[in-house]
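>>> Predicted coordinates and the sequence they were generated for:
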Amino acid sequence: MQNTAIVAGFADPVSDAQQTFRKVLKAMSEPGVIVEAASPEALEHLYPSTFAVCQTLLDQQTPLWLSKEFSNPKIQHNLHFHTGMPLARQPLDAQFALAYAGEIATLDDFAKGTAEYPERNCTMILQVQAISASPSTDQNSTTLKLSGPGIKTERQIAIAGLSQAVIRYLSDRPDTFPLGIDFIFTAAQSLVAIPRTTQLEVC
Amino acid sequence: MNAATIRDGYNFAYLDEQTKRMIRRALLKAIAIPGYQVPFGGREMPMPYGWGTGGIQLTAAVIGQDDVLKVIDQGADDTTNAVSIRTFFKDLTGVKTTEKTREATLIQTRHRIPEVPLQADQILIYQVPIPEPLRFIEPSEVETRKMHALEDYGVMHVKLYEDIARYGSIATTYAYPVRVNGRYIMDPSPIPKFDNPKMDRIPALQLFGAGREKRIYAVPPYTEVLSLDFLDHPFEIQRWDETCAICGSDHSFLDEVIMDDQGTRSYICSDTDYCSQRVQQEAVA
């Protein structure tokens, strides 16, 4: 079997996981707020921020689905070494999914929860090219106006690298609350979360 | 890592890392579905159920070295429950603790919300005995789960109506049911209904932990929390004719204290920090 290099994870797993969790907690409870998070080393395709989120939230109880870009032995081996997570064979089995936001052609295959157990949904960790708090002129970038729980009036963010399917899912909200998918969008060193309660408008 | 300040042989904040991750994941789900009770694998804690095992597990999963912790029991920092939980976290995390609401980043509470308005980036962690607001009406978990799924909340209003039919007004004074973000009916834990308006659209994050029942729920900042009522019987909070015997406050929640065998009563603020801050300000002025 071919040897794959293991990169270093958190320097101080207890404290770093706690710090990263608080960032994710802030992001999830105040959608559209951009927070910083990073693991000291990263892999090709796997951002330091994404790697930090994985080390914070994944373990042997959380089946992870990997998209095509992330389905290589190097990433699988490293994530498994640092978190112990099993791989989900089908999107529907996944508690967490990892992909580039541009790769997602449909969100129909992922778990949305059930009326009685709405928490049994998939949390998508999607890598994007950039996240900014101010509207961007980049044509690849989508400016979103957010409102809902966690937001006083409204909040604007620009995300570069979303697929049409993701944009459509977020603005149309095909699954009625409390069902739905929660999103964590990661740029290289930062992240932003959009839970199912957030209403979006594409500007 | 200031490991030297943590009691030997324990992980930071008592819980093992796998348990913390499980609780953290449940917390994120709870925030994404405001007011919905997420089941979690509650652990046995070194204290009996009813003493805040739910709240303490949430605090343990959330707390970090930079936090400043405040613990209150019925508003007071100096009661047994508050003192022992504060000492527990001092021993096992080494974090700074405070009695001042404004200085705290984390506030674990039993049955009160501080009088001083909470700020952004503060987290209020409630200890919850019975998280299911429908439980006293419908004892079956299978049924209450279905009622939440179908938004079948008529009985809750019937219960409040029965109060009106029997007493002429809504007699529920604590654990007064609320509706979160227009969807889930939630038990705000046994806080007096005096505190209910303090939950509505505040900048702070509110987390709820029920250890015995193994449920976590949450209210994100700026989220609507409405107390249930009727058009002709609007929601009202408690009021007192008396003022606090220590600081003279006429707009805080007052505890009744029996002074002698003849039943003489006195009233004092339940929020000890609020009361002492007012006394101090008075002294300066």
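Thanks, I have it.

>>> Tell me where the stretch 51-200 of chain B has strands.
B:68-73, B:96-97, B:106-110, B:123-127, B:178-180, B:184-186 (DSSP state E, counting those that start in this stretch).

>>> Direction included, what does the fourth one pair up with?
Think strand B:123-127. Applying DSSP bridges to the sheet, strand B:123-127 is found paired with strand B:106-110 (parallel), strand B:205-210 (parallel).

>>> any idea of the angle that strand forms with strand B:68-73?
Going by axes from the mean of the first three to the mean of the last three C-alpha atoms, to 10 degrees, strand B:123-127 is angled at 30 degrees with respect to strand B:68-73.

>>> ok, and for strand B:123-127, which residues are buried?
Using 16 or more other C-beta atoms under 10 Å in any protein chain shown as the test for burial, strand B:123-127 gives B:Ile123, B:Leu124, B:Ile125, B:Tyr126, B:Gln127. (Glycine included, C-beta is placed from N, CA and C.)

>>> TSV please, covering those residues and showing pLDDT.
TSV is the format used below for the buried residues of strand B:123-127 (pLDDT from 0 to 100):
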residue	pLDDT
B:Ile123	98
B:Leu124	98
B:Ile125	98
B:Tyr126	98
B:Gln127	97
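
>>> which one of those is nearest chain A?
Nearest to chain A among those is B:Ile123, at 8.3 Å by C-beta to the nearest C-beta.

>>> so who does that closest one touch?
B:Ile123 is in contact with B:Val62, B:Thr105, B:Leu106, B:Ile107, B:Ala204, B:Leu205, B:Gln206, B:Leu207, counting by C-beta atoms under 8 Å, 6 or more residues apart in numbering or on different chains.

>>> and which of those residues is nearest to chain A?
Nearest to chain A among these, with distances taken as C-beta to the nearest C-beta, is B:Leu205, at 5.0 Å.

>>> can I assume the closest one is in contact with B:Ile125?
No - B:Leu205 is beyond contact range of B:Ile125, at 9.3 Å (criterion: C-beta atoms under 8 Å).

>>> And for A:Glu154, nearest residue in space, chain neighbours not counted?
Leaving aside its sequence neighbours, A:Glu154 sits nearest to A:Ser147 (C-beta to C-beta, 6 or more residues apart in numbering or on different chains; 4.5 Å).

>>> For the one you found, which residues are in contact?
Contacts of A:Ser147 (C-beta under 8 Å, 6+ apart): A:Thr153, A:Glu154, A:Arg155, A:Thr198, A:Gln199.

>>> Give me the distance between it and B:Thr223.
12 Å (C-beta to C-beta, to the nearest Å).

>>> how close does the residue positioned nearest the centre of chain A sit to B:Ile107?
Computing the C-alpha centroid of chain A and ranking residues by C-alpha atoms, centre = their mean puts A:Ile125 first, at 1.9 Å. According to C-beta to C-beta, A:Ile125 and B:Ile107 sit 30 Å apart.

>>> Same list (the strands paired with strand B:123-127) but as JSON lines, adding mean pLDDT and mean neighbour count.
JSON lines is the format used below for those (pLDDT from 0 to 100; neighbours: other C-beta atoms under 10 Å in any protein chain shown):
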{"stretch": "strand B:106-110", "mean pLDDT": "98", "mean neighbour count": "25"}
{"stretch": "strand B:205-210", "mean pLDDT": "98", "mean neighbour count": "28"}
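
>>> Out of the ones you listed, which gets nearest to A:Thr114?
strand B:205-210 (21.8 Å; C-beta to C-beta).

>>> Name the next helix or strand downstream of the closest one, please.
Later in the chain than strand B:205-210, the nearest helix or strand by DSSP states H and E is strand B:215-219.

>>> Just list what that next one packs against, helices and strands only.
Judged by 3 or more C-beta pairs under 8 Å, 6 or more residues apart in numbering or on different chains; DSSP states H and E, strand B:215-219 is in contact with helix B:17-32, strand B:38-39, helix B:53-62, strand B:205-210.
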